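**Student:** return a 3D structure for these sequence lines:
(2 chains)
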Amino acid sequence: VVICTSLVNMFAKCGNLKQAHKVFVQAPHPDIVLWGAMISGYVHQGQDYKALELFANMQDKGLVPDCFTYSCILKASGNVTALKEGMEIHNQIVTQRLEWDKVIGSTLVIMYMKCGTVEEACAVFDSLPDRDNVLWSSMIAGYVQHGRGVPALELFIRAQKDVARPDKVMYTSAIKACASIGDDPSHGRLLQEHIIRIGLDQDEAICNALLGMYSNLKSLKDAEKIFEGMQGRSVVSWNSMIATYAELEHAHLSFELFKKMQQEGLFID
RNA sequence: AUGCGGAGGCCUGAUGA
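**Tutor:** Sure, this is the predicted structure:
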């Protein structure tokens, strides 16, 4: 069954769900890990309803979910905004006393945020004693998605004091928060200065996020500065800059950059 | 024993509200 689990995982992650399922149904002595691999596979491939269905089947067979299965299924519930199912699963988690698990905690927050229930997400967040980078950034990103940039930034400030070392993802979440705050670039500039100070200013994801931020803030000059200051520009950065020109009504510059991109021999997708 | 089968947050983009 261990080998089969590994095979299910491999086939599913490669996108071959048929083959994964075939191994899954033939596996001897199916256990919770095997089911977890299959459920995870469906979620990975965006088949969230299939995953929920499988989760129900698993419980009908008398198998008790563990942290891994719960985190997968909460992700699936969030993806399809199945709030009712998500809350039922949450209750079940509490009865099993697994609600303090780190991964469970952040997937609960993500699920509630995706379902539009910010209050529920906050309640979970507040109840957790240990908050890591993932939890904080999930929370910040959730607020941003609901257009609440100011509270998102306030969270970021708290997060910086709470966490040992804020990581890249946390900074990109904070950048997005700044981007979502109207047309006021001051927060964004301060954050950028900080990012330069800690030496993260050549990280590609960070640069792309900053570029996008200045684009949102309609500050073309700043966006160009970021783009030009980048060492390794990927297709993403080019697309970002081209889109920025287009959005800020510089169709000509947008096209010029597109041509330049082709000259540099980059793949256009 | 944070290792030896499965789990969590991040970068641009599509004709449109």
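**Student:** for stretch A:218-225, which outside residues touch it?
**Tutor:** Contacts of stretch A:218-225 from elsewhere in the structure, counted by Cβ atoms under 8 Å, 6 or more residues apart in numbering, are A:183, A:185, A:189, A:211, A:214-215, A:241, A:244-245, A:248, A:250. To be clear about C-beta, it is placed using only N, CA and C from the backbone, and glycine gets the same treatment.
**Student:** and the furthest pair within those?
**Tutor:** Largest separation among these by Cβ to Cβ: A:Arg189 and A:His250, giving 22.0 Å.
**Student:** give me the neighbour count for the closest residue to RNA strand B within the stretch 151-269 of chain A.
**Tutor:** When you check the stretch 151-269 of chain A against RNA strand B by Cβ to the nearest atom of the strand, the closest residue turns out to be A:Asn208, at 2.6 Å. Neighbour count for A:Asn208, taken as other Cβ atoms under 10 Å: 22.
**Student:** my read is that it contacts A:Ser237, right?
**Tutor:** Yes - with contact taken as Cβ atoms under 8 Å, A:Asn208 and A:Ser237 are classed as touching, separated by 5.7 Å.
**Student:** residues touching A:Glu247, list them.
**Tutor:** Listed by Cβ under 8 Å, 6+ apart, the contact set of A:Glu247 reads A:Ser215.
**Student:** correction: the previous question concerned A:Ala76.
**Tutor:** A:Ala76 makes contacts with A:39, A:42-43, A:48-49, A:51-52, A:55, A:82, as judged by Cβ under 8 Å, 6+ apart.
**Student:** if we can go back for a sec, report the contact partners of the residue of the stretch 151-269 of chain A closest to RNA strand B.
**Tutor:** For A:Asn208, the contacting residues are A:236-237, A:240, taking Cβ under 8 Å, 6+ apart as the criterion.
**Student:** among the contacts of A:Ala76, which lie within strands?
**Tutor:** Secondary structure defined by DSSP state E assigns none of the contacts of A:Ala76 to strands.
**Student:** which SSE is A:Ala12 in?
**Tutor:** Under the criterion of DSSP states H and E, A:Ala12 resides in helix A:2-13.
**Student:** buried stuff in that helix?
**Tutor:** A:4-5, A:7-9, A:11-12 (16 or more other Cβ atoms under 10 Å).
**Student:** closest to RNA strand B among those residues?
**Tutor:** The shortest approach to RNA strand B among the buried residues of helix A:2-13 belongs to A:Thr5, at 3.3 Å (Cβ to the nearest atom of the strand).
**Student:** pretty sure that closest one contacts A:Val33?
**Tutor:** Yes - with contact defined as Cβ under 8 Å, A:Thr5 and A:Val33 form a contacting pair (5.4 Å).
**Student:** sorry, back to before: show me which of the contacts of stretch A:218-225 are buried.
**Tutor:** Of all the contacts of stretch A:218-225 considered here, the ones buried according to neighbour count by 16+ other Cβ under 10 Å are A:185, A:189, A:211, A:214-215, A:241, A:244-245.
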